[in-house]
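**Q** Predicted model, plus sequence, below.
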Number of protein chains: 2
Amino acid sequence: MIPAMSTDQLVDKVKPVVRDADATRARLLGAARREFAAFGIAGARVDRIAAEAASNKAQIYHYFGGKEQLFDAVFAAVVDEVVRELPLEVHDLPGYAARLAEYYERRPDVLRLVTWQRLERSTEPPAVAVKAIKPKIAEIAQAQADGRLSERYPADALLHAVMHIASLWAATSPDMAWTRKLPSVVARRRIVTQMVRDLLAG
Amino acid sequence: MIPAMSTDQLVDKVKPVVRDADATRARLLGAARREFAAFGIAGARVDRIAAEAASNKAQIYHYFGGKEQLFDAVFAAVVDEVVRELPLEVHDLPGYAARLAEYYERRPDVLRLVTWQRLERSTEPPAVAVKAIKPKIAEIAQAQADGRLSERYPADALLHAVMHIASLWAATSPDMAWTRKLPSVVARRRIVTQMVRDLLAG
DNA sequence: TCGGTAACTTCCTAACTAGTTGGTTGACAC
DNA sequence: GTGTCAACCAACTAGTTAGGAAGTTACCGA
């Protein structure tokens, strides 16, 4: 069994004494995020989410419409959060990779949710994510055109390579397995930074 | 809805007229592989697997013990297959990356199954995968010690970076989304090869 | 030919699940 | 006060699910 994930971002677990629709929505969203991160869409239980949020199922259907739509709401919130908290700095892709790697380690549920979205939800990339990533790619392409960034790789391939490298030590990495001892935090950051630098230097 | 995946490796769909335990086992395993690849463990339906294999549920419990054990059997078979079909060649990591990338594209279910194993099954890497990957890392470390390979990165980090880069265009990549047109097959292979070369050159 | 056994199947069920219904409660305006 | 409406909830439903029980069929050795 996989233990429930903790997100610990907002205090969305405390039920207020007064009636508060927004607070209830937030509590449901928080509980759903933990549940979906831990079990995915098919494995998530609507009852558990309602209980964890100290609410009930009817509220979920009232506020979000259904299980899958609830997941979509969670996913959109996560994408929004990542975009806000980690602005891409084109002039420092190695540093961006390092910060992203650190972020993934601090918030393991993010990568899990993204992975589940890919596996369980539709065949093509979600509009909300495409919208978030497109300007980043454009920014990189512009920097390449201006000669501020290596043109060794296409902008999109470069950005995705950076993201993959950042997730090297994340729990959902698509490779086979880690053998044993992880490198230290410092060593991990150094490796990630260096790899991206290598890609840019050529 | 996500369509069922096809594996098309063995003709494990045809039910023989005579009774044949091995053939039945193989049919169940094949059907389970398609089902699990498409829906994961929680989303998979034992009834569907049994029907697809032209058998019945009781046989699954007889041969494999249960749903999760059936998944483990599928996973072990996949790991075994990958190890056999893609021997690591330490002297040509860029080429290995390219071949791995091509393999992932040819068999999308492999990466899906591996990803689901990570998400839904236990917290630590599966023994069967660790056993498969350990000698590969040792081989790389040896080549580094002999001076045949760059010591720029620890052997395990290097191998995992290679694997991540190989999965750049795979459906389960843990990043956000692809924006537009994919590069051609040739271009993709060139990019993957080049990236690994960059990591080794430094 | 017959008995034993492995392979197979049908039928069942207890527990569970997403989604709904119909009604209750509290806050707030007037 | 009292009317109104949004917020909230317990109980229910209809369908599904993993797993198992109990019996049937084919094969094979003696």
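**A** Yep, that arrived. Residues are numbered from 1 along each chain as shown, chains lettered A, B, ... in the order given.

**Q** Next, count neighbours for residue A:199.
**A** Per other C-beta atoms under 10 Å in any protein chain shown, the neighbour tally for residue A:199 reads 24. Yep, even glycine has a C-beta here, placed from its N, CA and C like the rest.

**Q** So the closest residue to it other than its chain neighbours, which state does it fall into?
**A** Excluding the flanking residues, the one nearest residue A:199 by C-beta to C-beta, 6 or more residues apart in numbering or on different chains is residue B:198, at 5.3 Å. What DSSP: H, G, I helix; E, B strand; the rest coil gives for residue B:198 is helix.

**Q** How about the contacts made by residue B:198?
**A** By C-beta atoms under 8 Å, 6 or more residues apart in numbering or on different chains, residue B:198 lies in contact with A:152, A:198, A:199, A:201, A:202.

**Q** and if we set it to 6 Å?
**A** A:198, A:199, A:202 (C-beta atoms under 6 Å, 6 or more residues apart in numbering or on different chains).

**Q** Please determine how far the first one is located from residue B:153.
**A** Using C-beta to C-beta, to the nearest Å, one obtains 9 Å as the distance from residue A:198 to residue B:153.

**Q** how many other residues sit next to the closest residue to DNA strand D within chain A?
**A** Residue of chain A nearest DNA strand D, by C-beta to the nearest atom of the strand: residue A:21 (2.9 Å). Residue neighbour count, defined by other C-beta under 10 Å, stands at 10 for residue A:21.

**Q** ok, residue A:109 touching residue A:38?
**A** No: between residue A:109 and residue A:38 there is no contact under C-beta atoms under 6 Å: 8.0 Å.

**Q** got any ranges where chain A has weak pLDDT?
**A** Within chain A, the ranges that satisfy pLDDT under 70 run A:1-14, A:16-17, A:171-181.

**Q** now the strands: where do they sit in chain A?
**A** Read by DSSP state E, chain A holds no strands at all.

**Q** Run through the residues of it sitting next to DNA strand D.
**A** With C-beta under 7 Å from any atom of the strand as the criterion, chain A meets DNA strand D at residues A:19, A:20, A:21, A:23, A:24, A:54, A:55, A:56, A:57, A:58, A:59, A:62.

**Q** and the residues you listed, which are buried?
**A** Among the residues of chain A next to DNA strand D, the ones that count as buried by 16 or more other C-beta atoms under 10 Å in any protein chain shown are A:24, A:55, A:59.

**Q** Which positions within the lengthiest helix in chain A qualify as buried?
**A** Longest helix in chain A, counting residues (DSSP state H): helix A:21-43. Buried residues in helix A:21-43, defined by neighbour count with 16+ other C-beta under 10 Å: A:24-43.

**Q** now it, how far from the chain's geometric center?
**A** 15 Å (C-alpha atoms, centre = their mean, to the nearest Å).

**Q** Repeat that for stretch A:37-44.
**A** The gap between where stretch A:37-44 is centred and where its chain is centred comes out at 15 Å by C-alpha atoms, centre = their mean.

**Q** how near is residue A:144 to residue B:160?
**A** According to C-beta to C-beta, residue A:144 stands 27 Å off from residue B:160.

**Q** Then residue A:48?
**A** Distance, residue A:48 to residue B:160, by C-beta to C-beta: 34 Å.

**Q** neighbour-wise, which of those two wins?
**A** residue B:160 (24 against 16).

**Q** Next up, the contacts around residue A:70.
**A** Residues in contact with residue A:70 (C-beta under 6 Å, 6+ apart) are A:32, A:64.

**Q** before we move on, what about residue A:44?
**A** A:35, A:36.

**Q** So what's the residue count around residue A:163?
**A** The tally of other residues near residue A:163 (other C-beta under 10 Å) stands at 21.

**Q** do you know how far it is from chain B?
**A** For residue A:163, the distance to chain B (C-beta to the nearest C-beta, to the nearest Å) stands at 4 Å.

**Q** Show the backbone phi and psi for the closest residue in space to residue A:200 that isn't next to it in sequence.
**A** Nearest non-adjacent residue to residue A:200, counting by C-beta to C-beta, 6+ apart: residue A:150, 4.6 Å away. Residue A:150 adopts backbone torsions of phi -60, psi 140, taken as degrees, to the nearest 10.

**Q** Identify the residues contacting residue A:53.
**A** Going by C-beta under 6 Å, 6+ apart, residue A:53 touches A:27, A:28, A:31.

**Q** quick one, what contacts the residue nearest to the spatial centre of chain A?
**A** Ranked by distance to the mean C-alpha position of chain A (C-alpha atoms, centre = their mean), the top residue is residue A:110 at 3.2 Å. Contacts for residue A:110 (C-beta under 6 Å, 6+ apart) come out as residue A:78.

**Q** at 8 Å what do you get?
**A** When contacts are counted by C-beta under 8 Å, 6+ apart, residue A:110 touches A:78, A:82, A:103, A:104.
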